[in-house]
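no FASTA, just this:
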């Protein structure tokens, strides 16, 4: 294209600048140019501190697997020998960071009268892809944390009974308390280890990670068949049996062999 023709084309596009050049040179440039534009407001990024580092882990998506311990599947009315894994998501800003050694206030959410705890191992990904093999899955894990999948059980069950999506029971503000990320290079991978949830000092949930129906590697593989996994994704890997309610004033203490405790008070 001659200089005269190029100037004419840009003038016809009504820009004479970056957007006109982008239109002539392709969509990739348009995307890059658009990304540099100012926004009318700022949306805070969701991050989780990383143990032993000044860096923080940026959260892209929160995936959760349902009924991944046989006894929990049975208490929820499912047959663990017949049900394939299923997943749901929470919004990124459901994260509530729980610093080790502290008991933080956790707000009792609106609309529910049956608020349940679920203690879980959380895997944090540094990379991803589609159709990841089980053998390669753990290569994508950056680290692990201990977390709670808090649930408005009455709303979840009501939506289920009506054959409607039960997002309102799982995906709400601060429904994903979580401790700091521990890097795989420092602690290795988790295939076993006692996981517990105590309420006001009494043990409510207690199991071993080796009782999971689907391992972390299998979860990553299964998820990647449905979604393109990416760096920044975290996976709540399922909870043991004996989920139950908490009320205002209750203190929940989560434990997992190899990670520090997390403690939250319902307010």
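Sure thing, it's come through. Values in this document were obtained by computation on a predicted structure and should not be read as measured data.

First-to-last residue distance for stretch 147-162?
Its first and final residues considered, stretch 147-162 spans 29 Å by CA to CA, to the nearest Å.

Residue 114 and residue 152 touch, don't they?
Yes - shown here, residue 114 and residue 152 form a contact pair, counting by CB atoms under 8 Å, at 7.3 Å. All C-beta spots, glycine's among them, are computed from the backbone N, C-alpha and C.

The two: which has the busier surroundings?
Remark: of residue 114 and residue 152, residue 152 carries more neighbours, 24 against 16, as counted by other CB atoms under 10 Å.

ok, so what distance separates the more buried one from residue 187?
Distance check for residue 152 against residue 187: by CB to CB, to the nearest Å, it reads 32 Å.

Need the per-residue pLDDT for residue 166.
What the model reports as pLDDT for residue 166 is 89.

now residue 145
pLDDT, the model's per-residue confidence, is 98 for residue 145.

Ok, residue 36 next?
Predicted confidence (pLDDT) at residue 36: the value is 76.

quick one, helices of the stretch 151-267 of the chain?
Listed from the start of the chain, the stretch 151-267 of the chain has helices (DSSP state H, counting those that start in this stretch) covering 153-161, 167-170, 184-187, 216-226.

Report the buried residues of the second one.
Buried residues in helix 167-170, counting neighbours by 16 or more other CB atoms under 10 Å, are found at 169, 170.

what residues does that helix touch?
For helix 167-170, contacts defined as CB atoms under 8 Å, 6 or more residues apart in numbering pick out 64, 88, 90, 111, 149, 151-157, 159.

And for the third one?
Contacts with helix 184-187, where a contact means CB under 8 Å, 6+ apart, come from 51, 52, 141, 142, 143, 144, 258, 259.

try it again with 10 Å
Identification of contacts with helix 184-187 by CB atoms under 10 Å, 6 or more residues apart in numbering yields 50-53, 123-124, 126, 138-139, 141-144, 190, 258-259.

For that helix, which residues meet the burial criterion?
Buried positions in helix 184-187, judged by neighbour count with 16+ other CB under 10 Å: residue 184.

distance between it and the chain's centre?
With CA atoms, centre = their mean, to the nearest Å as the basis, the distance from the averaged C-alpha position of helix 184-187 to the chain average is 20 Å.

any idea how far residue 209 is from the residue nearest to residue 47 when sequence neighbours are not counted?
Excluding its sequence neighbours, the residue lying closest to residue 47 (CB to CB, 6 or more residues apart in numbering) is residue 56, at 3.8 Å. Distance of residue 56 to residue 209, computed by CB to CB: 26 Å.

higher neighbour count, those two?
Per other CB under 10 Å, whichever of residue 56 and residue 209 has more neighbours is residue 209, with 21 against 15.
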